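In: Here's my sequence, what's the structure:
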Amino acid sequence: MLSSRIPDLSALEMLAAVDELGSLSAAGKRLGLSQQAVSSRMRSLESRIGAALLTRTPRGSSLTEAGELVAGWAADVLAAAERLDAGIASLRSDAVRQLHVAASQTIAEHLLPHWLVALRRQQESLGLIPTVVELAVSNSETAAVRVRSGDADIAFIESPQLPAGLSTAVVQEDDLVLVVSPGHPWARRKAPVTAAELAGVGLVTREHGSGTRDALEHLLAAAGIGEQAAPLVELPTTAAVRSAVAAGTAPAVLSALAVRDDVTLRRLVAVPVRGLDMRRSLSAAWLSGNTPPAGAARDLAAIAARPMPQVPLG
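Out: So this is what the prediction gives:
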């Protein structure tokens, strides 16, 4: 019989996340918890085990010697739990092995294919029948609505606005990039464009509900810029926005993932922006709860959160 010293799996997942990411706040983002919640749960874990597991500093958190021992043992337990979770999922009906995913355009085009391949390989390595994935691609707002309505098990979104009724966890970070056509005056400009200049020009944008558009508006507001010029053109797809910019219509702000090839081939020119943090988070979203749904949805969210190589722009 196990003693009362044994922590639950969610506590072990939290410890593993702190060990990997080096801070309570980063672990909280991954797990969809506030830093205060992670800190409180970590203190409870230390009390339960009877040893200090973390050394906390203003620069982050690192494991103590006892913490490293517990994290090492926990890794084996978590791996066994993942195998158990996958095995239980394999005993369910075929309908349960269908996964309905909703995703924003940028994520669906540039990240999700890699995640789905990794999910299939993981399941095959465990001797499981691969999950049949049905993907719905839209803007971030519509993707969130699909989860709330039950049409999707999990969504991957770009919007900084957390959807009501859903739990979220950050899975990746992404850079927004100001791009212009090679013939645009900003393409030859030596000084960065200021945040105020960017806010004052009409851009080519996606429609309302787009995560990229929402993220830019949020970043400008965070920089103290309350008003932004109305879009010159609104288009329904990222590909259409890129084509319009390349044709010289107006600048646009898009994901670095979406414009990397265009910038490399000089179809578009990336222009630096001063006074604006162009970093944004990409998140998984599911119906409110502490963790994503068991089975393939949780596995896919975990795969999405794995570190990815950073490829420089241009």
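In: alpha carbons only for contacts and neighbour counts from here, please
Out: Noted.
In: Any buried residues in stretch 34-47, and which?
Out: Buried residues in stretch 34-47, counted by 16 or more other CA atoms under 10 Å: S34, Q35, V38, S39, R41, M42, R43, L45.
In: The residue lying closest to V180 once chain neighbours are set aside: neighbouring residues, count only.
Out: Using CA to CA, 6 or more residues apart in numbering and skipping residues adjacent in sequence, the residue nearest V180 is P251, 4.7 Å away. For P251, the tally of surrounding residues (other CA atoms under 10 Å) stands at 28.
In: Surely P251 touches V177?
Out: No. Contact between P251 and V177 fails when scored by CA atoms under 8 Å: they sit 10.3 Å apart.
In: residues in contact with the residue nearest to V180?
Out: Counting by CA atoms under 8 Å, 6 or more residues apart in numbering, P251 makes contact with L178, V179, V180, S181, G202, L203, V204, V245.
In: hmm, 7 Å instead?
Out: Going by CA atoms under 7 Å, 6 or more residues apart in numbering, P251 touches L178, V179, V180, L203, V204, V245.
In: If I look at the nearest residue to E65 once chain neighbours are set aside, what pLDDT would I see?
Out: Excluding the flanking residues, the one nearest E65 by CA to CA, 6+ apart is L53, at 7.5 Å. pLDDT, L53: 81.
In: What separation do you get for L53 and L276?
Out: The gap separating L53 from L276 is 37 Å, by CA to CA, to the nearest Å.
In: With R206 instead?
Out: To L276, R206 is 20 Å away according to CA to CA.
In: Neighbour count for the two, which is higher?
Out: Remark: of R206 and L276, R206 carries more neighbours, 24 against 19, as counted by other CA under 10 Å.
In: can you point me to the longest strand in the chain?
Out: With DSSP state E setting the assignment, residue counts place strand 166-180 as the longest strand in the chain.
In: and for that strand, what are the contacting residues?
Out: 29-32, 187, 245-246, 250-256, 268-272, 278-289, 304-305.
In: Buried subset of these, written for PyMOL?
Out: Per 16+ other CA under 10 Å, the buried members of those correspond to this PyMOL selection:
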select buried, resi 29+30+31+32+245+246+250+251+252+253+254+255+256+268+269+270+271+272+278+280+281+282+283+284+285+286+287+304+305
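In: Return the subset of the contacts of strand 166-180 lying in helices.
Out: Within the contacts of strand 166-180, membership in helices is found for K29, R30, L31, V245, A246, A256, A304, as judged by DSSP state H.
In: nearest residue to the third one other than its sequence neighbours?
Out: The reference is to L31. A169 (5.6 Å).
In: re earlier: how much space separates the residue nearest to V180 from L12?
Out: Per CA to CA, P251 is found 47 Å from L12.
In: Now do the residue nearest in space to the middle of the chain, the pLDDT please.
Out: The centroid of the chain falls nearest to L282 when counting by CA atoms, centre = their mean (2.7 Å). If you check L282, the pLDDT there is 96.
In: Kindly provide the distance from it to A230.
Out: With distances taken as CA to CA, L282 is found 25 Å from A230.
In: now V101
Out: As it turns out, when the distance is counted by CA to CA, V101 lies 33 Å from A230.
In: Please say which of those two ends up with more neighbours.
Out: The residue with the greater number of neighbours, taking V101 and A230 and applying other CA under 10 Å, is V101; the counts read 23 against 14.
In: So for stretch 16-27, first residue to last residue, what's the gap.
Out: Terminal residues of stretch 16-27 lie 9 Å apart, using CA to CA.
In: Mind listing what's buried along it?
Out: Of the residues in stretch 16-27, those buried by neighbour count under the rule 16+ other CA under 10 Å are A16, A17, V18, D19, G22, S23, L24, S25, A26, A27.
In: just to revisit the earlier point, taking the buried residues of stretch 34-47 one by one, which sit in helices?
Out: Reading helices off those with DSSP H, I get Q35, V38, S39, R41, M42, R43, L45.
In: Not counting residues beside it along the chain, what's closest to the third one?
Out: Right, the one you point to is S39. Distance criterion CA to CA, 6+ apart; nearest residue to S39, sequence neighbours excluded, is L24 at 6.7 Å.
In: now the first one
Out: If the residues on either side of it in the chain are set aside, Q35 comes closest to S25, at 4.7 Å by CA to CA, 6+ apart.
In: Which of the three states applies to that neighbour?
Out: Reducing the assignment to helix, strand or coil with DSSP: H, G, I helix; E, B strand; the rest coil, the entry for S25 is helix.
In: 263 is where my numbering starts, stick with that
Out: Got it, the first residue is 263 from now on, which makes the last one we talked about S287.
In: Now do the same contact list for A279.
Out: If a contact means CA under 7 Å, 6+ apart, then A279 has A289 as its contacts.
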